[in-house]
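Peer 1: Okay, structure incoming, though there's no sequence with it:
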């Protein structure tokens, strides 16, 4: 499953944290726009059904000492951002 991560700041730190995570595993694919990165997300058990990688990813970054101050949004690839506050 692919996710798109938007943040104007700390992109190198975000990329490093995500790529160091074991489960789910994040593989950086490309920069979509100057402030948006795309990652492939895979789970150790191989099952994606019922999992929410967008919310997990955002919480993982917000746990970092510098993460709570960032404005970010994370979408599953193909999902439209509606401006609603995500969990």
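Peer 2: Received, thanks. All values reported here derive from a predicted model rather than from experimental measurement.

Peer 1: Bridged to the closest residue to residue 37 other than its chain neighbours, which residues?
Peer 2: Distances taken as Cβ to Cβ, 6 or more residues apart in numbering place residue 5 nearest to residue 37, at 5.1 Å, with adjacent residues excluded. Placement of C-beta: from N, CA and C, glycine included. Beta-bridge partners for residue 5, by DSSP bridges, are residue 37, residue 74.

Peer 1: So residue 5 versus residue 54, what's the distance?
Peer 2: 9 Å (Cβ to Cβ, to the nearest Å).

Peer 1: Quick check: neighbours shared by those two?
Peer 2: Residues within reach of residue 5 and of residue 54 at once, by Cβ atoms under 8 Å, 6 or more residues apart in numbering, are residue 74.

Peer 1: And those two? Which one has more around it.
Peer 2: residue 5 (24 against 21; other Cβ atoms under 10 Å).

Peer 1: Identify the residues contacting that one.
Peer 2: Contacts of residue 5 by Cβ under 8 Å, 6+ apart are 14, 18, 36, 37, 38, 39, 57, 72, 74.

Peer 1: what number of residues lie near the second one?
Peer 2: Read that as residue 18. 21.

Peer 1: Ok, the third one next?
Peer 2: Per other Cβ under 10 Å, the neighbour tally for residue 36 reads 16.

Peer 1: Contact partners for it?
Peer 2: The contact partners of residue 36, by Cβ under 8 Å, 6+ apart, come to 4, 5, 6.

Peer 1: and the last one, how many neighbours?
Peer 2: A total of 16 residues lie near residue 6 under the criterion other Cβ under 10 Å.
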